[in-house]
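> All I have is the shape, not the residue letters:
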């Protein structure tokens, strides 16, 4: 939508019906008399005067004969109106983008010019216009798998920006062709990564294990208006990708989110799109079959099959927690989160076992 900044670009759209009404007033024409003059039905003329229908070449000649001015004038009047409408639609779309895309996150260039902001956003998304953006992102965002249950208002452009940033982050990854068996087989090694404290250590290993199975992994801080914790999406090359936001900044939620999204890939197809909020108070209350399956699969990966079979009880002390974590082969914080989500522990119990994170720029670090 690039324009020559030397020419005046209106931030409004003047409908061609306004010119029609002015000409009708000068000639003292009613809608009925104009319809008779143009040999059109009243409904068609009403739509033209209310600018609810475009002016075709045939209509332009009829308007010229009935109201004056050239057919080219009426054609250009209609073309300019719809061009301005498209620009205004893009302006509203750009205004809905969260301001932190250009401020704290630095994903796009900061600009005070409304036209430049549209261009900057289109360039970020890798599309030429708003219609292309809608064709690229709206099918994914409007699928039934898009389930954010947060009370925080959700912005589609914010969610799309988060997914796009994940694509840009993973474009340099070398991925093997997707292999379902390899990805499923990597899960035990990924469980062991939960013991590692530093994201700078476990994230590269996680990415490598998943890349060998053909799955990209991105960790991207969510912008305002994006309440997502995780997603399954696709890379720029249309390869499967798991996106994490570390929304709650604790190891139990981060890893549960990963296993939940991995479940979507393994159980529901590596080409499907899911965007999930995974709010702790909502995880156990969904009625959606796919989410229930992903929740159960993720929970089973936290508490091993052997321990599930022995009907393990929740720990009541840090000593019991450490013993259970060693038996299960997974970090203590995830054990705590598991039993809290199940309602067997309160959200105040054993919380010191959870690792806490914070964002430092684009990087996640342990507190």
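Noted; the coordinates are in hand. Quick caveat: nothing in here was measured; it's all calculated off a predicted structure.

> and residue 244, backbone torsions?
Residue 244 adopts backbone torsions of phi -120, psi 150, taken as degrees, to the nearest 10.

> er, residue 178 I mean
Torsion angles, degrees, to the nearest 10, at residue 178: phi -60, psi 130.

> Near the residue nearest to it when sequence neighbours are not counted, how many residues? Count them for me, please.
Counting by Cβ to Cβ, 6 or more residues apart in numbering, residue 214 is the residue found nearest to residue 178 once chain neighbours are left out, at 3.4 Å. Heads up, the C-betas are built off the backbone N, CA and C, glycines and all. With neighbours defined by other Cβ atoms under 10 Å, the count for residue 214 comes to 18.

> So, low pLDDT: which residues of the stretch 51-200 of the chain?
Within the stretch 51-200 of the chain, the ranges that satisfy pLDDT under 70 run 143-152.

> again, only this time at 50
144-148, 150 (pLDDT under 50).

> what residue is smack in the middle of the chain?
The residue lying closest to the centre of the chain (Cα atoms, centre = their mean) is residue 159, at 2.7 Å.

> which element is it on?
helix 156-170 (DSSP states H and E).

> So what touches that helix?
By Cβ atoms under 8 Å, 6 or more residues apart in numbering, the residues outside helix 156-170 that reach it are 93, 96-98, 101, 107, 121, 124-126, 133, 137-138, 140-141, 146, 148, 216-218, 220, 222-226, 228, 231, 233-236, 241, 243, 245, 275.

> now do stretch 45-59
The contact list for stretch 45-59 (Cβ under 8 Å, 6+ apart) reads 15-18, 20-21, 24, 31, 34-35, 38, 44, 63, 71, 74-75, 77-78, 81-82.

> again, only using 6 Å
With contact meaning Cβ atoms under 6 Å, 6 or more residues apart in numbering, stretch 45-59 is reached by 15-17, 20, 31, 34-35, 74, 78.

> With distance to residue 67 and secondary structure as added columns, please give these in CSV.
As requested, the contacts of stretch 45-59 are exported to CSV (distance: Cβ to Cβ, whole Å; DSSP: H, G, I helix; E, B strand; the rest coil):
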residue, distance to residue 67, secondary structure
15, 15, coil
16, 11, helix
17, 12, helix
20, 6, helix
31, 12, helix
34, 8, helix
35, 12, helix
74, 8, helix
78, 14, helix
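
> Derive a ChimeraX selection command for the buried subset of those.
Selecting only the buried members of the contacts of stretch 45-59 in ChimeraX, with burial defined as 16 or more other Cβ atoms under 10 Å, works like this:
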select :15,16,17,20,31,34,35,74,78
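
> which of the contacts of stretch 45-59 lies closest to residue 327?
Lowest distance from residue 327 to those (Cβ to Cβ) belongs to residue 15, with 71.7 Å.

> which residues does the closest one contact?
Each residue near residue 15 by Cβ under 6 Å, 6+ apart is listed here: 51, 81.

> Roughly how far does it sit from residue 222?
39 Å (Cβ to Cβ, to the nearest Å).
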